[in-house]
Structure formats: structure tokens, C-alpha cells
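J.: Curious how this folds, go ahead:
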Amino acid sequence: MAAQPHTDYLYRSMTVADLPAAHALSVQLKWPHRQEDWAMLQRVSDGFVVLDGERLIGTAFACPQGDYATIGLVIVSDDYQGRGIGRRLMELALKACDARTPLLNATVAGAPLYASQGFVEFGHIQQHQGNVQVPEQTALAEGEHCRPLTADDHAAVIALANAGSGLDRREILRDLQVEHAVGIERDGQLRGFALLRPFGRGRCLGPVVAETFEQAKHLITTLLEQVPDAFVRIDIPAECGLGDWLEQAGLKCVDTVARMAKGTPPQAGGGVHLFALITQAVG
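T.: Below is the predicted model of the structure:
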């Protein structure tokens, strides 16, 4: 019989004041998130915590993105495992999704819980990271050129981000701290883009949205050239084809997680594809 939640545990919405203790939970798991990374997610999501007295012992987020909501950072302190806390946090996150289709990226440990709640696997995400060895730049097709993005590109970036992911990215992209942003232009229109951001142990490269594999490689290389020898992380759909190339650039695959949906998963459109996530927590 499954353990039942302790009646004295307090479940409530996350506040800014909870961020230091929530960050400490991820540190215990050796997850790389900075407190600033938690703060971003808290601003754009419905966050939940569970407390035993004054001690914060669990977290979960549901981030609305149009017709979908991504669930992430579902954590229960090691010494409170097996008491039904994770299941209760998931119930709160699912309720916050309302009519939206829930999505998540599941660790090996978490996948059985999510499967028991109706989630079905539809792909995998590979986590690549390491100290950069900048690859040789690839050529673009005739008529295409890569350039830095400006504020005038905002609407086009949102449109590409939405098309590549099948999600509504407006709120999340507005809140990201971006260090470098580049795009590929053809016939006066933006056809792809990539962002480099502070995250975790160094930088995170993503999202990357492009029409072709060659465009994606060109965008990624352009950003890596800005931070030679830096520690960089990039999370990619396993089927996107970048894995071997990233390995050669010093970004080794260190983990693979399952993409899961409770309903029909989102689809890319508009002739573009998602080559790298924002983060695993928000897709």
C-alpha cells in the first residue's frame, strides 16, 4: 500500500521568500540551478511547496504556455521519500494546468510516478554539457546570413519560438536573461534564432529554432565563438541529429530524460524545428 501524506504537512503556493530553501533542495540533488534560475521559473509559473513545520521539503511548478503547461522541478527531500508527497505535489501542479495539456521531462526515477498519472512518453531529451571546443563554422545556404538580434526582432523571435515548440513562449522569453542572441535572415525575414544565457555552472544555449540542421549548427557555432573554453549546457531533442556534432565540440551527453505528455503532445509548424530547449523544466 502506498504511503499516505502526513496530515501535518502544509502544501501552499510558492513565494519569493521560499526561493533560498527551494534552491537548497536542488543543491542537495547536485542539480546545477542557481537561485536566479529558480526565481525566473517562480515568476512565470504556478509554484507549489510543501513544509514540515518551518522546513521546506518539496517543490513543483506548472508553467502555462498557451494550450499546454510544462511541469518541472518536482523535488522531494531525500529523507521524506515514500510518503506520498511527490504524488500530492503532482496533483497540485496538474490542477494548476487547468484545461491545458500537461507536459514534462521525466528522470528515470520520476517516470513511474508520471506514468501512473496518465503521462505517455513521446520522445527523449539529451543533456549535453562541457567546456567548449569551438567547431569549424558551417556555411549557410545562398542568400542567408547570420546576424545579432535586436529589439526590432522581438515579434519575429516569438513567432519562431512558438512555431518551433508548439507552445506559447511570450511570457518566458520576455523574462529570460540573454547574454548573446543571433538569428539567420533570408529575403528580409528571420528564419531561425538561438540564445545564449547564464544558467547553472556557466551558460545555457537555447532555445535554438531553425529550418534546417545546417542552420542550427551555424547558429550554435556563432554563439560558442562568443565564449571559447566556457562551460556550456544545451538540452536537445534526441531526434534532432545534433548529438554527435555536439560531442565533437566538447559538449558530452551526460543524461537522457523522457519527454512525456498527458494528452496529445505539441507539434512544430511553420517549416521550423526546435533544436534546443530553453530548460528541461519549461521545454
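J.: all helices in this structure, in order from the N-terminus.
T.: 19-28, 35-44, 85-97, 111-116, 154-165, 170-175, 213-224, 243-248 (DSSP state H).
J.: could you give me the average pLDDT of the fifth one?
T.: What that stands for is helix 154-165. Helix 154-165 shows an average pLDDT of 98 in the prediction.
J.: repeat for the first one
T.: Averaging pLDDT along helix 19-28 yields 95.
J.: Spell out the residue ranges of the strands in this structure.
T.: Taking DSSP state E as the test, the strands found in the chain are 10-13, 46-52, 55-65, 68-76, 101-106, 120-131, 144-148, 180-186, 189-199, 202-210, 231-237, 252-261, 273-276.
J.: Can you name every helix or strand that the first one contacts?
T.: To tie it back to what came earlier, the one meant is strand 10-13. Contact analysis of strand 10-13 by 3 or more CB pairs under 8 Å, 6 or more residues apart in numbering; DSSP states H and E lists strand 46-52, helix 85-97 as its packing neighbours. Backbone N, C-alpha and C define where each C-beta goes, glycine included.
J.: just checking, P135 touches T222?
T.: No. The criterion here is CB atoms under 8 Å, and P135 misses it with T222 at 10.8 Å.
J.: Look at these two and report which has more neighbours.
T.: For P135 and T222, the more surrounded residue by other CB atoms under 10 Å is T222, and the numbers stand at 21 against 17.
J.: Nearest to L29, out of the strands of the chain?
T.: Nearest to L29, of all the strands of the chain, is strand 68-76, at 6.8 Å by CB to CB.
J.: Sheet partners, orientation included, of the closest one?
T.: Its sheet considered, strand 68-76 pairs with strand 55-65 (antiparallel), strand 101-106 (parallel) by DSSP bridges.
J.: want to throw those strands into a markdown table with mean neighbour count?
T.: Formatted as a markdown table, the strands paired with strand 68-76 follow (neighbours: other CB atoms under 10 Å):
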| stretch | mean neighbour count |
| --- | --- |
| strand 55-65 | 23 |
| strand 101-106 | 23 |
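J.: Would you mind putting the ones you listed into TSV with mean pLDDT and distance to D255 alongside?
T.: Formatted as TSV, those follow (pLDDT from 0 to 100; distance: least, CB to CB, whole Å):
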stretch	mean pLDDT	distance to D255
strand 55-65	97	20
strand 101-106	96	10
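J.: So L195 versus A216, what's the distance?
T.: Going from L195 to A216 by CB to CB, to the nearest Å gives 13 Å.
J.: For the two, list the residues in contact with both.
T.: V208 (CB atoms under 8 Å, 6 or more residues apart in numbering).
J.: Can you find the helix or strand of the chain with the lowest average pLDDT?
T.: When the helices and strands of the chain are scored by mean pLDDT, DSSP states H and E, helix 111-116 comes last with a mean of 87.
J.: coming back round to it: export the helices and strands packed on strand 10-13 to JSON lines and tack on mean neighbour count and mean pLDDT?
T.: Formatted as JSON lines, these follow (neighbours: other CB atoms under 10 Å; pLDDT from 0 to 100):
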{"stretch": "strand 46-52", "mean neighbour count": "21", "mean pLDDT": "97"}
{"stretch": "helix 85-97", "mean neighbour count": "20", "mean pLDDT": "95"}
